Structure formats: structure tokens, C-alpha cells
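Peer 1: attaching a predicted model along with its sequence, questions to come.
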Amino acid sequence: MRERKRDKQILNRKSSFKASMVTTGKQGGDFVSNYRTSTSAYINRDQSNVVKCLLQRFAHFQGIDEIERIEPFQIVKYVDNQQVWTLNRN
């Protein structure tokens with residue numbers, strides 16, 4: 001239970017969340033936009049045993065031997081008046 005509480009505290013730290021980036025798909029092409037208004041945080045794979053367990057389960061599900069090959073978890077947070085970013089497919 002202590003580990004869950006610690007994980008929740010880490011995720012709730014405002015300093016962990018930064019403006020969500022948009023990518024152009026080119027190296028160095030990431031930028032903050034006015035149409036993606038969320039904030040994002042990445043979870044360190046060594047943060048807790050819960051995170052390690054989830055990574056191991058995802059790796060097993062995908063047939064991957066090493067959890068280091070799984071991308072870091074990203075949490076996206078929206079608060080009042082923030083827009084959910086959608087891709088315009090017109």
C-alpha cells in the first residue's frame with residue numbers, strides 16, 4: 001500500500017508535468033502548440049515495483065525479452081478548459 005501512495009504522490013507533483021509536445025516527425029521538430037493544451041509526464045521505469053511489474057507484463061504480452069525495449073509510460077493530463085488534441089483528417 002505504501003508503494004501505491006508513493007506512486008500517486010509522484011504523479012500528482014505539478015513539477016512532473018510539462019506542456020505536452022507535438023512532433024513534426026523530424027529530429028528536433030518537437031514543439032509546444034496552442035492546439036494541444038494538455039500536460040504530460042513520463043514515468044521512470046525504475047520508479048517502483050508496480051511500474052516494473054506493468055512493464056514486464058507488457059513486454060511478455062508483446063513477446064519482448066527485455067523491458068528496456070518498452071517505451072517509457074507517458075501520462076497525459078487535462079484540466080478544465082484544456083482541449084483534447086485531435087488529428088484533422090480532412
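Peer 2: Structure received.
Peer 1: now do stretch 71-84: everything it contacts.
Peer 2: Applying Cβ atoms under 8 Å, 6 or more residues apart in numbering, the external contacts of stretch 71-84 come out as 11, 17, 20, 35-45, 51, 54. Just so you know, the C-beta spots here come from the backbone N, C-alpha and C atoms, and that holds for glycine as well.
Peer 1: so which of these sits lowest on pLDDT?
Peer 2: On pLDDT alone, residue 11 ranks lowest of the contacts of stretch 71-84, at 59.
Peer 1: buried residues in the longest helix along the chain?
Peer 2: Longest helix in the chain by number of residues, with DSSP state H as the criterion: helix 49-62. Buried positions in helix 49-62, judged by neighbour count with 16 or more other Cβ atoms under 10 Å: 51, 54-55, 59.
Peer 1: in JSON lines, list these along with distance to residue 67.
Peer 2: Output for the buried residues of helix 49-62, formatted as JSON lines (distance: Cβ to Cβ, whole Å):
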{"residue": "51", "distance to residue 67": "10"}
{"residue": "54", "distance to residue 67": "9"}
{"residue": "55", "distance to residue 67": "4"}
{"residue": "59", "distance to residue 67": "5"}
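Peer 1: alright, calling it a day.
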